[in-house]
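Engineer: the following comprises the amino acid sequence and a computationally predicted model.
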Amino acid sequence: MYQDAAVLAVFLLVYSAVSSPVEQSRLSGPILFASAGLLLGPQALGLLNLNVSGEVLRTLAEATLALVLFTDAANADFSTVRRNVRIPERLLLIGLPLTIVLGFLLAEVVFPGFDPLELALLAAMLAPTDAALGKPVVTNSDVPATMREALNVESGLNDGICVPVVLILLGLAVGTRIEGQTMTHMVRVVAEQIGIGLVVGLALTGCAALLLRTAVKLNWISENWMEVPAVALATACFATAQTIGGSGFIASFAGGLMVSWLAPRRKHELLRGAESIGEMLAFATWVVFGTIALGQLAGRLTFSVVLYAVLSLTVIRMLPVLLSLVGTDMSIAQRLFIGWFGPRGLASIVFGILVFDEHLPGNDTLMVVVVCTVLLSVIAHGVTANPLVAALGARKSVTVHEG
């Protein structure tokens, strides 16, 4: 236990000392964290022996994702989102369903003989994008604000939208008895997950805003506690929505958007602590992922698994994005950029653990595909983020200069 704590603390200390140049390089935090987990874990050096169950990994990934969604939404330029809502709207209402359908159809080709419901689950698990892995893109001013906010809103909402889809498919796959008509049940689950999540996120954030404004006027908040409310609010949004049957991810993102709207001037001060804790949780999640999950790939990778992982990050993601943005004023290059930056990460890990716990016949293959896709995404999107952002920035400068 103490050895694990010492190894993790030393690695975190070293990374914090070089975090700025790393973020500007072709590497990324998640690449280094997952690599460190694999290298230091029992599959290699054996210095890190984390006794972490799937439930603990799921909780850690959920907490990380909830906090990242909250802070990313709160940092969003609300006026830009409002002016350009049609782009994330197209990505979510057209692109996301097309992604799931195309993912299912290609899974049928790559994995013939598998249960169609399991393949549909695979497509749904790998449909949402990861706000944390996309952070180098959505925070870089070289990327046009319209594109940044579109990617931010999409990644913030698509995992919450996918929750009821995964739950419905999982219920059907394990033979859970569905009360009433199947279609009625599906509509109810979707409405509860999204509706409750939105109501909880907006209601809790509204109440918190009133409380904190009063406390600030009366000078009741100690200087040492200024960064705590955002962390507590993000946690409350997620946990409350989950408790009463809604999507905690939707609640976290909706709460963050409301913070951006209610406190546009002081939000960076309020969010500093939440962002730091989010980085720490992300560090822990990716190290555990590298230590436990990546070691499971040894001897289990097949051509079909790698092929589907590559297709998931390219054709299955990019073609629906291109189609959904037809008719907008975005160039082909911009649409391809948005299509490429749809990294798979924490949401897919959470969904994978949910499915794995049900012990479906195709469990092993499903989990290996999810882990392989996330691993490839961490590497591919981490390595290409800064170079492609720089290329986009140079292209924008040339266009402005020529104009």
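Structural biologist: Cool, the structure landed. Residues are numbered from 1 along each chain as shown.

Engineer: how about the host helix or strand of residue 79: buried residues?
Structural biologist: With secondary structure defined by DSSP states H and E, residue 79 is part of helix 78-83. Going by neighbour count (16 or more other CB atoms under 10 Å), the buried part of helix 78-83 is 78, 80, 81. C-beta: built from backbone N, CA, C; applies to glycine.

Engineer: residue contacts, residue 48?
Structural biologist: Residues in contact with residue 48 (CB atoms under 8 Å, 6 or more residues apart in numbering) are 4, 7, 8, 37, 40, 41, 42, 287, 291.

Engineer: so residue 27: helix, strand or coil?
Structural biologist: Following DSSP: H, G, I helix; E, B strand; the rest coil, the label given to residue 27 is coil.

Engineer: contact partners for residue 91?
Structural biologist: With CB under 8 Å, 6+ apart, residue 91 has these contacts: 150, 154, 158, 321, 324, 325, 338.

Engineer: I misspoke; the intended subject was residue 330.
Structural biologist: Residues in contact with residue 330 (CB under 8 Å, 6+ apart) are 87, 147, 338.

Engineer: list the helices and strands the helix ranked longest in the chain packs on?
Structural biologist: When the chain is parsed with DSSP state H, its longest helix is helix 363-402. The elements that helix 363-402 packs onto, with contact taken as 3 or more CB pairs under 8 Å, 6 or more residues apart in numbering; DSSP states H and E, are helix 29-40, helix 116-125, helix 135-138, helix 303-313, helix 332-340, helix 346-356.

Engineer: nearest to residue 74, of those helices?
Structural biologist: Judged by CB to CB, the one of the helices and strands packed on helix 363-402 that comes nearest to residue 74 is helix 135-138, at 12.8 Å.

Engineer: and the next helix-or-strand element following that closest one with helix 363-402, angle?
Structural biologist: Downstream of helix 135-138, the first helix or strand assigned by DSSP H and E is helix 145-173. Interaxial angle, helix 145-173 versus helix 363-402 (axes from the mean of the first three to the mean of the last three CA atoms, to 10 degrees): 170 degrees.

Engineer: let me know the outermost residue of the chain.
Structural biologist: In terms of distance from the mean C-alpha position of the chain, residue 218 ranks first, at 37.9 Å (CA atoms, centre = their mean).

Engineer: what residues does the residue lying closest to residue 259 once chain neighbours are set aside make contact with?
Structural biologist: In space, residue 259 comes closest to residue 74 once its chain neighbours are excluded; the distance is 4.1 Å by CB to CB, 6 or more residues apart in numbering. Counting by CB under 8 Å, 6+ apart, residue 74 touches 230, 256, 257, 259, 260, 267, 270, 271.

Engineer: from residue 57, how far off is residue 296?
Structural biologist: 12 Å (CB to CB, to the nearest Å).

Engineer: which of the two has more neighbours?
Structural biologist: It is residue 57, of residue 296 and residue 57, that has more neighbours when counted by other CB atoms under 10 Å, with 22 against 13.

Engineer: return the residues in contact with that one.
Structural biologist: Going by CB under 8 Å, 6+ apart, residue 57 touches 285, 288, 289, 292, 293, 349, 353.

Engineer: run a quick neighbour tally on the last one.
Structural biologist: A total of 21 residues lie near residue 353 under the criterion other CB under 10 Å.

Engineer: now the residue nearest to it when sequence neighbours are not counted, what's its secondary structure?
Structural biologist: Nearest non-adjacent residue to residue 353, counting by CB to CB, 6+ apart: residue 58, 4.2 Å away. Assigned by three-state DSSP, the conformation of residue 58 is helix.

Engineer: what's the local residue count around residue 58?
Structural biologist: 18.

Engineer: quick check: it touching residue 354?
Structural biologist: Yes - look at residue 58 against residue 354 with CB atoms under 8 Å: they come within range, at 7.2 Å.

Engineer: circling back: top of the contacts of residue 74 by neighbour count?
Structural biologist: residue 256 (32 neighbours).

Engineer: so for that one, what's the pLDDT?
Structural biologist: With respect to pLDDT, residue 256 scores 90.

Engineer: next up, the contacts around residue 140.
Structural biologist: 148, 389, 393.

Engineer: okay, and for the stretch 51-200 of the chain, where does confidence drop off?
Structural biologist: Scanning the stretch 51-200 of the chain for pLDDT under 70 picks out 131-132, 134, 176-183, 185.

Engineer: again, only this time at 80
Structural biologist: Low-confidence segments of the stretch 51-200 of the chain (pLDDT under 80): 51-55, 76-84, 131-136, 138-141, 175-190.

Engineer: ok, the residue nearest the centre of the chain - contacts?
Structural biologist: Most central in the chain under CA atoms, centre = their mean is residue 130, positioned 2.6 Å from the mean C-alpha point. With CB under 8 Å, 6+ apart as the criterion, the residues that contact residue 130 are 65, 155, 343, 344, 345, 346, 347, 348, 377.
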